[in-house]
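Engineer: Based on what follows, work out the 3D shape:
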Amino acid sequence: MAPFNITNLNSDNIHVLDGGFATQLGCHIVDHIDGDPLWSARFLKTQPQAVIDTHLDFLRAGADVIMTNTYQASIPGFQKYLNLSAEEGYDLIKEAVNYAKIACDRFQEEFSDNCNTIFRLNEVSITIFSKIATHCGICGTIRGILA
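Structural biologist: You can find the predicted model right below:
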């Protein structure tokens, strides 16, 4: 692999990634995230509109790529702390992708005359860590996994 060379970068291949999802989510919720075993993933179930609104905040601020808030998501965690079945936990992880897509669609509607983002191809970057992939076997079914 060739060494990284910053002079090869140009505006055509640089994209802004969202960051600090849990911090921004705090603007849309009254519950505490810190200390919660599911962290921001709890709100996939309890406050999905807040999740969508948080994605929209990042898109409106200029993010080209957003990630689902599945960092602390796991089927066993959802079973233990939200009393979901394994299938419901799996569906909730899939729903995280849907929430990101909903935010992208809404963003495109808001800025349809001025939209030049990576999402015009309806792509969403998905962060799923190995503990989730191990429990639900989704590595081969979702594109864009960062492990």
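Engineer: which ones are touching Arg42?
Structural biologist: 31, 33, 36, 81-82 (Cβ atoms under 8 Å, 6 or more residues apart in numbering). Yep, even glycine has a C-beta here, placed from its N, CA and C like the rest.
Engineer: at 6 Å what do you get?
Structural biologist: Arg42 makes contact with Asp36, according to Cβ atoms under 6 Å, 6 or more residues apart in numbering.
Engineer: now do the one 5 residues further on
Structural biologist: For Gln47, the contacting residues are Ile29, by Cβ under 6 Å, 6+ apart.
Engineer: ok, it to Lys101 distance?
Structural biologist: When distance is defined by Cβ to Cβ, to the nearest Å, Gln47 is 18 Å away from Lys101.
Engineer: how much space between the closest residue to Ala86 other than its chain neighbours and Val30?
Structural biologist: Closest residue to Ala86 apart from its sequence neighbours, by Cβ to Cβ, 6 or more residues apart in numbering: Ile75 at 5.4 Å. Going from Ile75 to Val30 by Cβ to Cβ gives 27 Å.
Engineer: What count of nearby residues applies to the nearest residue to Ile66 once chain neighbours are set aside?
Structural biologist: Among residues not flanking Ile66 along the chain, Asp18 sits closest, at 4.7 Å (Cβ to Cβ, 6+ apart). For Asp18, the number of neighbouring residues by other Cβ atoms under 10 Å comes to 21.
Engineer: Also His32?
Structural biologist: 8.
Engineer: pLDDT score for it?
Structural biologist: His32 carries a pLDDT value of 84.
Engineer: ditto for Ala133
Structural biologist: pLDDT, Ala133: 41.
Engineer: State whether the residue nearest to Ile66 and Phe58 are indeed in contact, as I suppose.
Structural biologist: Yes. Taking contacts as Cβ atoms under 6 Å, Asp18 lies within contact range of Phe58: 3.8 Å.
Engineer: give the contact list for Leu79.
Structural biologist: Careful, residue 79 is Gln; it's not Leu. Contacts for Gln79 (Cβ under 6 Å, 6+ apart) come out as Gly89.
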